[in-house]
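In: Next one to model:
(one chain, ligands or ions: 1)
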Amino acid sequence: VSSPLKPGARVGILGGGQLGRMLALAAARYGFKVHVFAPEADSPAFDVAAERTCAPYEDQTALSAFARSVEVATYEFENVPERTAALVGGLTRLQPGATALATLQDRFAEKSFVAGLGIRTAPFRAVGSSDELEAALATLGRPAVLKTRRFGYDGKGQALIRPGDDAGKALAAIGGVPAILEGFVPFERELSIVAVRSADGAIAAYDLCANEHRDHVLAETRVPAGVSAATEEEARTVAARIAEALGYVGVLAVELFLLVEDGAERLLVNEIAPRVHNSGHWTIEGAETSQFEQHIRAIAGWPLGSPARRGTVRMQNLLGDAVEQWPALAAEPGAHLHLYGKARTAPGRKMGHVTVVRPA
Ligand code: AMP
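Out: The predicted structure is shown next:
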C-alpha cells in the first residue's frame, strides 16, 4: 500500500456520465484535481472537472497523456475496453484493478467467480452457439433469460425465452454474440448492497437498498429495505467476501434477488458493478459519508468514512421528461435535487434524481 494521496493530487476518471460527475464533485470536496477522460463532448462530468480530455478510448496518445497526468485513475462504468484499462494501468495506479474489471465485465466469468465462492446465483450456462443454447435450455428449463456476456446494461442485450418461444430468435435478438443463459428467478424483490474496500483492506457497507425498476431502468430506491436482520447480515457478508476475493479497492455494488421460500428470505447474486451505483445515490444526503466520497477515499488510500444511515430514505430517478418537474422539486422542502446537466432528454434517460431523508 502506497502512502495516501495528498489534497492537490490529480485523480483521473474514465467516463463522463453522471457517476463521473458526482465522483468529481466528491473528489473536489477533498481538494483533489480531477481529470475526466470521455469520448462524448457533452459529458456531464466535464462541467465539474479541473481538466478534461475528449477522445475515444482507443486513442493511445490521449490515454497515455491522461494516465501520466494523474496519481490514480478510476472509472465510472465497467465496460472500459480491456486495452484501455491495461494502457492506463501500466502508466499510473488504476483502482479498482484489472482483476476486478476482467472478472466483472463478463457475465459468465462473474457468475462463475461468485458461484466459486459458494454464493448463490441463478443457475447459468455459457452459450456460444444455437446448439449450446438448446442444450442449456434443456438443462435449465423455461422461462430462461439469455444475456450477452459483455456490454449489457439496464436490460439491454437480454431476451426472455418462454415456453414455446423460438430460441434462435432470442439469440438473433441479442446479436448472436457469446452469451449466458440463466434460469428464471421468481424473485419477490430486487435489492442491492453498496460496499467499499480500502487500500488496507477495511470494508464498510451501507444498509441494503430496495430497488424498483421501470422498463429495466432503476426508478426508485428505498432504505431500509424492510428485510430481516439476518438478510441484512448475509448481504454484508456476500459483499465483503466478493470484495476480498477480488482484492478490490473502491466502491462496488452487488445487485441481489430476494426470494421468499416457505416464509424464509434467501438472497441470490444477480450482478456486481465495479463502480459507484445508482442505488447508492441516496448516500449523498442519507448517510454520514456518500458512496462517491468513499470511492475517492479508497482509491486515494485514505481511511473510509462512516456508512451510517441518517434516516429513512427514498431516492427517485428523474427519467426522461420527469426532469421537467425540477421547479416544483426545487420548491419542495426536504427534497434534495440533483440535475446532471444533460442537454438532451430521451425516454428512460437518467436526467437527475431527488432524495428525501426522513428522521428514522
Ligand atoms: P441485469 O442486466 O442482469 O441486471 O438484468 C436486468 C433485469 O432483468 C433485472 O433487474 C431483473 O429484473 C431481470 N432479470 C435478470 N436476470 C433475471 C433472471 N435470471 N430471472 C428473472 N429476472 C431476471
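
In: and residue 308, how many neighbours?
Out: As a burial measure, residue 308 scores 12 neighbours (other Cβ atoms under 10 Å). Where you see a C-beta, it was placed from the backbone N, CA and C, and this is true even at glycine.

In: so who does it touch?
Out: 287, 288 (Cβ atoms under 8 Å, 6 or more residues apart in numbering).

In: again, but for the one 4 residues further on
Out: For residue 312, the contacting residues are 223, 224, 357, 358, 359, 360, by Cβ under 8 Å, 6+ apart.

In: tell me which residues in the helix or strand harbouring residue 329 are buried?
Out: Take DSSP states H and E as the rule and residue 329 turns out to sit in helix 326-330. Of the residues in helix 326-330, residue 329 count as buried by neighbour count, 16 or more other Cβ atoms under 10 Å.

In: and it, what's its mean pLDDT?
Out: For helix 326-330, the mean per-residue pLDDT is 98.

In: Over to stretch 132-151?
Out: 96.

In: Got the phi and psi for the spatially closest residue to residue 49 that is not a sequence neighbour?
Out: Sequence neighbours aside, residue 36 is the residue nearest to residue 49 in space, at 4.1 Å (criterion: Cβ to Cβ, 6 or more residues apart in numbering). The phi/psi pair for residue 36 (degrees, to the nearest 10) reads phi -100, psi 130.

In: re the thing from before, going by neighbour count, which of the contacts of residue 312 comes out on top?
Out: Neighbour counts for the contacts of residue 312 (other Cβ under 10 Å) peak at residue 223, which has 24 neighbours.

In: Tell me how far that residue lies from residue 282.
Out: 6 Å (Cβ to Cβ, to the nearest Å).

In: shared neighbours, these two?
Out: The contact sets of residue 223 and residue 282 overlap at 209, 313 (Cβ under 8 Å, 6+ apart).

In: Which one of the residues in the stretch 251-360 of the chain is closest to the ligand?
Out: residue 271 (4.6 Å; Cβ to the nearest ligand atom).

In: what's near enough to touch residue 322?
Out: residue 351.

In: any idea of the pLDDT on it?
Out: 98.

In: about what we covered before: quick check: closest non-adjacent residue to the residue of the stretch 251-360 of the chain closest to the ligand.
Out: The nearest residue in space to residue 271 (Cβ to Cβ, 6+ apart) is residue 255, at 4.5 Å.

In: OK, contacts around the one you found?
Out: 190, 191, 192, 211, 269, 270, 271, 272, 273, 279.

In: With pLDDT and neighbour count as added columns, please give those residues in CSV.
Out: Shown next, in CSV, are the contacts of residue 255 (pLDDT from 0 to 100; neighbours: other Cβ atoms under 10 Å):
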residue, pLDDT, neighbour count
190, 98, 19
191, 98, 26
192, 98, 26
211, 98, 21
269, 98, 24
270, 97, 21
271, 96, 20
272, 97, 26
273, 97, 21
279, 98, 28
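
In: Next, format the residues you listed as TSV and append secondary structure.
Out: Shown next, in TSV, are the contacts of residue 255 (DSSP: H, G, I helix; E, B strand; the rest coil):
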residue	secondary structure
190	strand
191	strand
192	strand
211	strand
269	strand
270	strand
271	strand
272	strand
273	strand
279	helix
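
In: Keeping just the C-alphas, turn the helix holding residue 329 into CSV.
Out: C-alpha atoms of helix 326-330 as CSV (Å, rounded to 0.1, in the frame of the first residue of the first chain):
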residue,chain,number,x,y,z
TRP,A,326,-37.5,20.5,-11.4
PRO,A,327,-39.1,23.8,-10.5
ALA,A,328,-41.7,22.0,-8.2
LEU,A,329,-39.0,19.8,-6.7
ALA,A,330,-36.7,22.8,-6.1
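
In: can you list the residues that contact it?
Out: By Cβ under 8 Å, 6+ apart, helix 326-330 touches 318, 335, 337, 339, 352, 354.

In: Can you report how many residues neighbour the third one?
Out: The tally of other residues near residue 337 (other Cβ under 10 Å) stands at 16.
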